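Asks: Have a look at this prediction, sequence included:
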Amino acid sequence: MEFLQTEILENKVSDILWFIGILSYGLLLKRLLSVLFTKILYRFIKHDSVSIQTCIDMLGKPVELFIVLMIVSSSAFYLHFPNAWNLESPENFGLKMILSKGFQCLIIISINWILVRVIKFISLIFQERAALTETKLDDQFVPFFKDLVILLVSTLSFFLILGVVFKIDVVALVTGLGIGGLAIALAAKETLENLFASLTIFVDFPFVVGDSIQIDKVAGDVEKIGFRSTRIRTADGSLVTIPNRLLTAQALENMSSRQFRRAKYHVKLQIETSSETVYKIVHEIQEEVVKHEKIYKTDPGVTRFEGFGEGSLDILVSYNVAGNNAAVLNATKEEINYKIIEIVERNGAKFANPVR
């Protein structure tokens, strides 16, 4: 057909139709091709704890981008720029070079995106496995190594773009940094300190993910240990991010390592209370404390008549609650406090009024 041989901007109508057809057909099927590719990949790394839908949701967008780039590359094969435009070749700076190198960068970026999502999907599987074990070390290592692998893959992609796309000698570039590299290292001093501090945390294990820690005025549960910082969830639900270098440079208390938590306070009786009544109250409180199921049996604590206050007789109540859970400590204190009120009332004594 003569119409198909007609040229528009030095491109035959038939070639333009091939370009439009391949591009349109590919864009319509990109979602289907993405799901198909993801399902094939899922068969190699599948695990019962992570559904295929999760895999599709994570890999869908990057795979679609890669497919679109391949479709554009295939369809663009049928077209060329008019010679009348006198464009520079792809080897020389100009529109063709910009499009060529830009397209190559997008290809590498899309592959890097796919690899990053695959790494995250595999880490989900290992996190599910880690959750089934008693130790918390694997819960801590999985996110750390996930971030480490992602950093390595992304760095490799960056150098790949420099070396393959822009033809830069990466080895010579790294070697020739010299003073510039030293300046960058000095500028990134705190970042490097945080990185080495994170490695120290993983070697010394002062705490792991899930532990309750306190540093300075911040106390809470460790949610994540990263390259630069550690995230702590406080009791009021706030998420506090602390640089790792501060965690290794200051005194840190790991409250999860406690075998017990201590409660200590005074019970003040009226000054008129007889010594016999005080004696009975002290011993009955101690009996209630010792027989409580939450008390740390190895060292339950003491209850004693400590001395004379301003218009009161002071009884020291000190006991240790097994475990490190603050909620259990508070609940135990409440139960024992009710018992103390009953003991004082049963013995006919009264609590001292505060002296003003």
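Replies: Perfect, thanks for sending it. Numbers count the residues shown, from 1 in each chain.

Asks: I'd like the average pLDDT over stretch 299-307.
Replies: Regarding stretch 299-307, the rounded mean pLDDT is 92.

Asks: Over to stretch 342-356?
Replies: 85.

Asks: Any buried residues in that stretch, and which?
Replies: Buried positions in stretch 342-356, judged by neighbour count with 16 or more other CB atoms under 10 Å: 343-344, 347, 349, 352. For glycine as for every other residue, the C-beta is placed from the backbone atoms N, C-alpha and C.

Asks: Switch those over to a markdown table; also include distance to Gly311.
Replies: Converted to a markdown table, those look like this (distance: CB to CB, whole Å):
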| residue | distance to Gly311 |
| --- | --- |
| Ile343 | 21 |
| Val344 | 17 |
| Asn347 | 20 |
| Ala349 | 15 |
| Ala352 | 6 |
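
Asks: from those residues, which two are the most distant?
Replies: Largest separation among the buried residues of stretch 342-356 by CB to CB: Ile343 and Ala352, giving 15.5 Å.

Asks: picking that back up, among the buried residues of stretch 342-356, which one lies nearest to Lys12?
Replies: Ile343 (102.1 Å).

Asks: what's the longest helix anywhere in the chain packed up against?
Replies: Ranked by number of residues, the top helix in the chain under DSSP state H is helix 95-131. Applying 3 or more CB pairs under 8 Å, 6 or more residues apart in numbering; DSSP states H and E, we find helix 95-131 packed against helix 13-45, helix 52-76, helix 137-160.

Asks: wait, which of those is closest to Gly210?
Replies: helix 137-160 (6.5 Å).

Asks: what's the domain layout of the chain?
Replies: 2-139+146-156, 189-256, 259-346 (automatic domain parsing).

Asks: Any chance of the ones you listed in a markdown table with distance to Val164 as columns?
Replies: Shown next, in a markdown table, are these (distance: least, CB to CB, whole Å):
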| stretch | distance to Val164 |
| --- | --- |
| domain 2-139+146-156 | 7 |
| domain 189-256 | 27 |
| domain 259-346 | 54 |
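
Asks: Please identify which helix or strand holds the residue nearest to the spatial centre of the chain.
Replies: Residue closest to the average C-alpha location in the chain (CA atoms, centre = their mean): Lys224, at 4.0 Å. According to DSSP states H and E, Lys224 maps onto strand 218-225.

Asks: If anything else comes up later, I'll come back, but that's it for now.
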